[in-house]
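Asker: sequence first, predicted model second:
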Amino acid sequence: MELQKFGIKLFFKPNGSYPSKEFIPVFHNWIQTNSVPEHMLIDVIDYSHIIDGPGIMLIAHEGHFSLDKENSMPGLLYLRKAKIDGDFQKRFKSVFEISLQAAKLLINNEIGSEVDFQSNSFRFIANDRLLAENNEDNQELFSNTFNKILTNMYPNGKWVIEDYSQSGERLAFTIKFQDDTNILIN
Amino acid sequence: MTNWKDILKDEITAELSEQIDIFETQIELKKLEKIDNKIFAETRLRKGVYGQRYDNGQRHDGEQSRELKYPSGDKLKGPETVWDAPGMLRIKIPFGGVNPKQLRMLADLSEEYADAVVHITTRQDIQYHFVHIEDTPTIMRRLASVGITTHEACGNAVRNVTACPLAGVCQDETFDVSPYAKAMAEFMLNHPDCQDFGRKFKIAFSGCSEHACGIVNMHDLGGIAKTRDGKNGFEIYVGGGLGAVPHQAKIMYEFLDEEEILPLMQAIGRVFTRLGEKKNRAKARVKFLVARLGLEEFTRLVEEERQILPHDERWTSYIDELPAWGENPIKKSSSLNGEVKPEGFDQWQEKNVISQRQEGYKVVVIMLPLGDISSHQTRKLADIAEKYVGNYIRTTVEQNFVLRWVSESDLPALYEELNAIGLADPGAGTIVDITACPGTDTCKLGIASSRGLADELRQMLAPKQWELDEAVRNLRIKISGCFNSCGQHHIADMGFYGNSRTFKGYKVPHFQVVLGGQWTNNAGSFGLAIGAVPSKNIPQVVLKLTDYYVENRSSKDESFQEFFTRKKKSVLKEQIQEFMEVPPYLEDSSFYTDWGDPRVFTLGDMGVGECAGEVVSLTEVELQSAERICFEAQVELEDGRLDEAEDKAYNAMIRGASALLRKEFQDISSDPDEIVAKFKQHFYETKLFWDRFAHGKFGKYLLNRNENPPTNLNNDLVHRKIEESQLFIEAAHACYAKMMDIEKKEQS
C-alpha cells in the first residue's frame, strides 16, 4: 500500500464545547515553543467562519492540524502531507502518534479551556484519490489492512469499522472500539 | 496506471497538455538550477503559481523573527522565495462560469493539495492556498480534464476575463455578454501578441452601464453592451485600474461592432507590448501608457496596428455560433404559490434572490463569508446545483456564487438544502456581504488583517442587520490589506486599506478610511482616504459613520455616497477623530495586535517597560503633520481649488521627507528643493525609503513632482496626486519604522 497522504481525526466529545477562535493563540504558542516534534510549524489560519469547514488550522510543512467541523463531526484532524519511510503500518502508526500528541497538547492548553476527546474512536481519511479511490474494493482493502494493524496495536481490543464516506468524498471510515480501549492513553 | 498524467491523457486538450508538460519540465530544470530565479518566477506566475506570505523563509512569531527551515534548504523558486514554502495557486474562471463537475474537481483538489478551502477572488477567479510547487502540474492536469486552466492567471499577461454574473438573465442588460467574454478569454489565452507585456492586463464586460456587476471602469479594457441600428456592439473603455493610485477608464469608442472587439484587443496588445513601460513596474499598466500618449494618440496607434493585423478567423467565428448560445434550464418555470416557507426563508429571499428577465426563474446568490467555501460544502453545492439548475453556476466579483435558472417554486426546498450545509446566510449585496482580499493571512504584501477585520465586522453587523436603516443595510464594505486595492476599497461605500503607524516607537496596525467611492455605474467614482484609524477601532468607525449619515442626510433619498461627497472632508474627519488615538500599551495592549492574530507587533522589540514611555519623537509629530496637510489637500480639491490642492499634496510629501531627514540631521532646510535633494541622497538612493515590493515607486512621486510640477490640472489628475501624496506618507511611516528597527538592533 503506497498511500502517504492520509489523516486521522480524533473526535471531540459530543455536547462538549467546541474549540474555536480561542485556540488561535494556543496554536501560535505551539509555533513559538516548537511544541510538535519533527514538524516545521508555519502559521495559523482562521476558517471558523465556514460552518462546515476546517475551523482553526495550524499549517506545518509536514502536515496540517485543524479543529475540523466537517460533516458535523468536530474533531482534531491531522492530515499528513510529507512522506514517511517504511510500510503502511509504520506510516499509520507515526501519523496516529502525531495525532495523539497533538490531542494531548490541546488538552493541556495554556488558556485553561476544556477540550475533551472521545477515547474509543477515530476516523481514518485517505487524502489521495489516485492511490485510494473511494470505491468498494478499496473500502474492503483498507478494512482488511486496518484489522491487521489494529490487531497488532490492540491485541485484546474489539472494534468495528463503520461510517464509510459517501461516494464522491475521500475514502474515509471510522474505527470504533467496542470495549474499554482508550486510544488516548496507548 | 499510477499517475494522473497517464489516466487523464485523453481528457485534456493537446494544447493544455503541452503547456503543462512544459511547465513540469521547467520545474525539473529549476530543481537542477538550470533556470534563473527571476525567469522561473515569471514562468510559474504565468501558470498561476504565486508566492505566499513567509515564503522567504522568515516569520515573526510574536516574540522574534525566526527562520523557517524548509527541507529544501537554499533552493529557491524565485527571488527570495524558498522552494518548499507553500504558495498560492490561482485558477481562471472566465466570466465566472463553472459547472457541477468542475466544482467537484475544485473541491477534491483543495483537499488533496491545499487546505480544503476554495476561495473566490474579487476577479471571479478561484484560489488555493498552501500548495507545494511540485504538486502544481498534477493539479493543472486534473483541472484541465474538466476544462479549467490556470494559464496566465498571474504574471504579465491577460488575466481572467470577467463579466456580470447575471449576464443572460439580467432584467437591465442590453444583451448577454457571456459569449463575448468567453471568446475573448479563449482568443487571448497564450496569444503571441500578448506575451511580452510589462505588466498584467485585465478585461471586463458588462451588460449595462447603470449597475456595477462588471465594474468596467476599473479595468484595463472594458466593454459595455450597446446596440446600434439593431446590431450588437460595445462601448469600449480603456486605461482604468485600481491599484495604489486608481484611474478611471476612458471611453475609447462609444460604439464598436462586435466583430471588432477581438482584433481591437489584439491591436492594443501589440501597442502595449511595443510602447508600454517594461523596466518600472510601477508605471507599466496600460493606464500609464494611455496617460502618457493621450487617449487620442493611443487610439490612433491602435487603429494603425489594427489595419495591418493579419486576418484571423477566430475574430468572428464565435459570432456565427451566437444564435446557438444560450442556457437551457433543467426545470420548468413556475411561481411560488402557497408553498410552505421554512424559517428564515423570507429574510434570505429578500436579498439573496433576484428575479430573472425570464418569467418564473430566479438567480440565487450564495453569500460566502470572506469568499471561502469548504471542500465539503463545494461538493454538496455541486449536488444541489445539479438538482436545481444544472450547469448554471457563476462566481462573482463580490466573492460569492450565484445559481441561475432556479424555478421559483423550488426556492423553499433549495433554501433548506443550502441552509443544511451552511450556505444560506441572508444579506447578499448588503453591509454584511463584505469583500476582503487575503491580506496578512496569506499575501506577501499584506500590511494589516483585511480578513480579520471583515470577519469582525460581519459578526458585529450580521445579528443586527434587520434593525439597520434600509440605506445603511444596502451599503457595501470592501477591505484591502494594503494600498494595492485587491479588496477594491476605492469603489466601496466604505472602504478600508491596511497600513501601520508607529506610536511611541512601536507599530500599530491601522486602516485608512476611504469614503465617497461608488459601486454603481460600473464603479463610477473612486473614494478618497480621510484618515488612518487603529484597526481595533474600525468597527466603531463603521457604526459612527453610518449613524452620522442616518442622522444628517438631507432626505431618505440621499445616498451614502452622495452624502459623503456633499459633506466637507474636515467635517467627516471630525467624526472619526476620537477613534484615531492609540492608547498606551499598558492601558490596552489589544491595539498592538491585529484581528484574529494574537502576535503583538514587534513584541520582541518592544519590552513592556519601554511601552510605558511617553516620548513622542519629532519625526512622528511631523509625519502626523504631513498627514494633516494631505488631508487639507483633499479639502481643497473638494472645494474645486485645484492649484491649492495639488500644492498641498506636494507640501505633504515635503513635510514627510523633512520628518525623515530630521531623524538623521539636526538642521533641516525649509527649502523644498534642498529637502528633496537631501531626501534623494539619503533615503532614495540608499534605498532606505524603498518598499520591499514597490521598490522606489513612492519616493519617485516626490522626485517627479519636484522635477516636473504638473500643468493643466484637472480633477482626475489632482485626485491622483493626492493619492500619490498619501502613499508617500504611508511609505514615510514604514521607513521610519524601519529606521527604528535598525536603531534598536544596533543598540542591542
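Answerer: Great, that's in hand. Numbering: from 1, shown residues only, chains lettered A, B, ... in the order given.

Asker: what residue in chain A comes nearest to chain B?
Answerer: Going by C-beta to the nearest C-beta, chain B is nearest to A:Ile51 of chain A, at 2.8 Å. Yep, even glycine has a C-beta here, placed from its N, CA and C like the rest.

Asker: quick check, that residue in a strand?
Answerer: No: going by DSSP: H, G, I helix; E, B strand; the rest coil, the assignment for A:Ile51 is coil, not a strand.

Asker: pretty sure it sits against B:Ala424.
Answerer: No: taking C-beta atoms under 8 Å as the definition, A:Ile51 is not a contact partner of B:Ala424, at 9.9 Å.

Asker: of the two, which one has the most company?
Answerer: Neighbour comparison, A:Ile51 and B:Ala424: the larger count goes to B:Ala424, with 22 against 16 (by other C-beta atoms under 10 Å in any protein chain shown).

Asker: any figure for the gap between the more buried one and chain A?
Answerer: 10 Å (C-beta to the nearest C-beta, to the nearest Å).

Asker: what residues are up against that residue?
Answerer: By C-beta atoms under 8 Å, 6 or more residues apart in numbering or on different chains, the contact set of B:Ala424 is B:344, B:348, B:352, B:366, B:415, B:418.

Asker: let's see the ChimeraX selection covering just the buried ones among these.
Answerer: In ChimeraX, a selection of the buried entries from the contacts of B:Ala424 looks like this (16 or more other C-beta atoms under 10 Å in any protein chain shown):
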select /B:348,352,366,415,418
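
Asker: now the two most distant members of the contacts of B:Ala424.
Answerer: The largest separation in those, counting by C-beta to C-beta, is between B:Gly344 and B:Ile366 at 14.5 Å.

Asker: look up the closest residue to B:Val676, ignoring the ones flanking it.
Answerer: Once flanking residues are discounted, B:Val676 sits nearest to B:Asn706: 4.3 Å by C-beta to C-beta, 6 or more residues apart in numbering or on different chains.

Asker: surely that neighbour touches B:Pro672?
Answerer: Yes: applying C-beta under 8 Å, one finds B:Asn706 in contact with B:Pro672, separated by 6.8 Å.

Asker: residues that sit against both of the two, list them.
Answerer: Residues touching both B:Asn706 and B:Pro672 (C-beta under 8 Å, 6+ apart) are B:Tyr650.

Asker: what pLDDT is listed against the residue of chain A closest to chain B?
Answerer: Per-residue confidence at A:Ile51 stands at 92 (pLDDT).

Asker: what residues are up against it?
Answerer: Contacts of A:Ile51 (C-beta under 8 Å, 6+ apart): A:69, B:377, B:421-422.

Asker: recalculate using a threshold of 10 Å.
Answerer: For A:Ile51, the contact set (C-beta atoms under 10 Å, 6 or more residues apart in numbering or on different chains) comprises A:69, A:72, B:369, B:374, B:377, B:419, B:421-425.

Asker: after the host helix or strand of B:Leu264 comes which helix or strand?
Answerer: Per DSSP states H and E, B:Leu264 falls inside helix B:261-275. Sequence-wise, the next helix or strand downstream of helix B:261-275 (DSSP H and E) is helix B:286-293.

Asker: now that following helix: buried residues?
Answerer: Neighbour-count burial for helix B:286-293 flags B:286-291, B:293 (criterion: 16+ other C-beta under 10 Å).

Asker: can you state the direction angle for it and helix B:261-275?
Answerer: Interaxial angle of helix B:286-293 relative to helix B:261-275 (axes from the mean of the first three to the mean of the last three C-alpha atoms, to 10 degrees): 70 degrees.

Asker: helix B:286-293 packs against which elements?
Answerer: Contact here means 3 or more C-beta pairs under 10 Å, 6 or more residues apart in numbering or on different chains; DSSP states H and E; on that basis helix B:286-293 packs against strand B:231-238, strand B:250-257, helix B:261-275, helix B:295-308, helix B:715-747.

Asker: for these, please prepare a markdown table with the additional fields mean neighbour count.
Answerer: Below are the helices and strands packed on helix B:286-293 laid out as a markdown table (neighbours: other C-beta atoms under 10 Å in any protein chain shown):
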| stretch | mean neighbour count |
| --- | --- |
| strand B:231-238 | 21 |
| strand B:250-257 | 16 |
| helix B:261-275 | 22 |
| helix B:295-308 | 14 |
| helix B:715-747 | 20 |
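
Asker: nearest to chain A, out of those?
Answerer: Chain A sits nearest to helix B:715-747 of all the helices and strands packed on helix B:286-293, at 20.0 Å, using C-beta to the nearest C-beta.

Asker: any idea how far that closest one is from the chain center?
Answerer: Here the centre of helix B:715-747 is set off from its chain's centre by 21 Å, with C-alpha atoms, centre = their mean, to the nearest Å.

Asker: cool, stretch B:427-444 as well?
Answerer: Computed by C-alpha atoms, centre = their mean, the separation of stretch B:427-444 from the middle of its chain amounts to 10 Å.

Asker: what does stretch B:203-220 give?
Answerer: Centre-to-centre, stretch B:203-220 and its host chain are 15 Å apart (C-alpha atoms, centre = their mean).

Asker: what does the stretch 101-250 of chain B have sitting close to chain A?
Answerer: Residues of the stretch 101-250 of chain B lying close to chain A by C-beta under 10 Å from any C-beta of the partner chain are B:104, B:107-109, B:111-117, B:129-130, B:132, B:135, B:138, B:142.

Asker: which of those fall within helices?
Answerer: Judged by DSSP state H, these include B:104, B:107-109, B:111-113, B:138, B:142 as members of helices.

Asker: other SSEs contacting the host helix or strand of B:Thr565?
Answerer: Per DSSP H and E, B:Thr565 falls inside helix B:560-566. Packing partners of helix B:560-566 (3+ C-beta pairs under 10 Å, 6+ apart): helix B:470-473, strand B:494-503, strand B:506-515, strand B:528-534, helix B:538-552, helix B:569-577.
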